[in-house]
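S.K.: Next comes the sequence, and after it the predicted model I'd like to discuss.
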Amino acid sequence: MCMSGKDSLLSNAWYQQVISDFDMTLSRFAHNGKRCPTTHNILDNDLLINDTCKKMIRELLNTYYPIEIDATRTVEEKLPHMVEWWTSVHELLIQQKIRRDLLAQAVKQSSAMLREGYKVFFDRLQEQQVPLLIFSAGLGDILEEVIRQNHVFHPNVHVISNYMDFDQSGVLRAFKGQLIHTFNKREGALLHAAHFRELKERPNVLLLGDSLGDLTMADGVAHTQHALTIGFLNDQVEERKESYVNSYDIVLVKDETMDVPNAILNYITTAPAK
Ligand SMILES: Nc1ccn([C@@H]2O[C@H](COP(=O)(O)O)[C@@H](O)[C@H]2O)c(=O)n1
């Protein structure tokens, strides 16, 4: 674990909200040395897409993921590539006429896993009535199914993500709303101003992410008093360590657990009111 010198003040749970990325932040990056799927990659299943489409989606991943995590390129340089990646994959998925009623089965059959200690994290937030916003550039329908199947889709959880639009017979026909990718979460946050307005009495933010783009997820919080940011650095560690340490308050290197967020939540939720 690396900690920057920033002194973050945290008050009790009443003033707190948690904003977290999903893929590779709440979900695991790897398990027993094997990569775990993102919400997009969970669709890589015979139930939903054919072999040609699988091949094309994998090729797109091999082309664009290295760009997403490239420490030598600026966010501005990456932006058009991210739009291209997401748009191409979403078009392919629409062509496959994916059926809504098969999504739960695809999630069940996948090797997607939430980080060790996830239950303590979700359950504590729920017990303490701390709102959890999951802000994901992944697929909202799949993300919801993952947390539902893990029994942690509690009423305090709100999701902002890319949602599928199904026709009357339950076949995918489009994606709803404005596309969210890794590096436009600031715009996404501003579009969801109503959500943040509802939480205006909670100016202290605990933010969890795995990309530098995730740091903008709290930009919709109008009067942030204190923010503590935790970054999971899963991949290309040496190349990206410096920028993560300079940007996040706490950087967790190849840590597949929720131990640190849970310890912080334990502290916050047992601290006396200030
Ligand atoms: N076709 C795609 C597009 C994106 N990804 C990965 O998903 C992650 C986005 O979700 P967050 O919950 O982290 O916002 C992103 O980091 C991409 O690597 C993908 O696997 N396939």
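M.R.: It's in.

S.K.: Tell me, please, the helix or strand in the chain that averages the lowest pLDDT.
M.R.: The weakest-scoring helix or strand in the chain, judged by mean pLDDT, DSSP states H and E, is strand 2-3 (a mean of 40).

S.K.: count of residues packed around Leu233?
M.R.: By other C-beta atoms under 10 Å, 22 other residues sit near Leu233. Where C-beta positions appear, they are placed from N, C-alpha and C, glycine not excepted.

S.K.: dump the residue contacts of Leu114.
M.R.: Contacts here follow C-beta atoms under 8 Å, 6 or more residues apart in numbering; on that basis Leu114 touches 26-28, 146-147, 150, 152.

S.K.: rerun that using 10 Å as the cut-off
M.R.: Contacts were defined as C-beta atoms under 10 Å, 6 or more residues apart in numbering; by that measure Leu114 touches 22, 26-28, 36, 121-122, 146-147, 149-150, 152, 258.

S.K.: one step back: what element comes up after the least confident helix or strand of the chain heading to the C-terminus?
M.R.: Stepping forward along the backbone from strand 2-3, the first helix or strand reached (DSSP states H and E) is strand 16-20.

S.K.: Can you tell me which residues in the protein are near the ligand?
M.R.: Taking C-beta under 6 Å from any ligand atom as the criterion, the chain approaches the ligand at residues 21-24, 38, 40-41, 61, 65, 68, 85-86, 89, 136-138, 182, 211.

S.K.: Just the buried ones from these?
M.R.: Buried positions within the residues of the chain next to the ligand, assessed by neighbour count (16 or more other C-beta atoms under 10 Å), are 21-24, 38, 40-41, 61, 68, 85-86, 89, 136-138, 182, 211.

S.K.: out of the residues you listed, which are inside helices?
M.R.: Of those, the ones assigned to helices by DSSP state H are 61, 68, 85-86, 89.

S.K.: buried set for stretch 196-211?
M.R.: By 16+ other C-beta under 10 Å, the buried positions in stretch 196-211 come out as 196, 199, 202-211.

S.K.: Quick one: mean pLDDT for that stretch?
M.R.: Looking at stretch 196-211 alone, the average pLDDT works out to 92.

S.K.: Verify the contact between Ala189 and Gly213 for me.
M.R.: No - applying C-beta atoms under 10 Å, one finds Ala189 not in contact with Gly213, separated by 11.3 Å.

S.K.: Setting aside sequence neighbours, what's the nearest residue to the residue of the stretch 151-274 of the chain found nearest the ligand?
M.R.: Checking the stretch 151-274 of the chain residue by residue against the ligand with C-beta to the nearest ligand atom singles out Thr182 as nearest, at 5.0 Å. Of all residues beyond its chain neighbours, the one nearest Thr182 is Gly213 (4.5 Å), with distances taken as C-beta to C-beta, 6 or more residues apart in numbering.

S.K.: Kindly report the same for Pro131.
M.R.: Nearest non-adjacent residue to Pro131 (C-beta to C-beta, 6+ apart): Gln17, at 4.8 Å.

S.K.: about what we covered before: can you tell me which of the buried residues of stretch 196-211 are in helices?
M.R.: Secondary structure assignment by DSSP H places Phe196 of these in helices.

S.K.: want to try JSON lines for the buried residues of stretch 196-211, with distance to Tyr267 as columns?
M.R.: Conversion of the buried residues of stretch 196-211 to JSON lines gives the following (distance: C-beta to C-beta, whole Å):
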{"residue": "Phe196", "distance to Tyr267": "25"}
{"residue": "Leu199", "distance to Tyr267": "21"}
{"residue": "Arg202", "distance to Tyr267": "17"}
{"residue": "Pro203", "distance to Tyr267": "18"}
{"residue": "Asn204", "distance to Tyr267": "13"}
{"residue": "Val205", "distance to Tyr267": "15"}
{"residue": "Leu206", "distance to Tyr267": "11"}
{"residue": "Leu207", "distance to Tyr267": "16"}
{"residue": "Leu208", "distance to Tyr267": "15"}
{"residue": "Gly209", "distance to Tyr267": "20"}
{"residue": "Asp210", "distance to Tyr267": "22"}
{"residue": "Ser211", "distance to Tyr267": "26"}
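
S.K.: Quick one: mark the members of the buried residues of stretch 196-211 that sit in strands.
M.R.: Using DSSP state E to define strands, the subset of the buried residues of stretch 196-211 located there is 204-209.

S.K.: So what's the residue count around Tyr163?
M.R.: Counted with other C-beta under 10 Å, Tyr163 comes out at 17.
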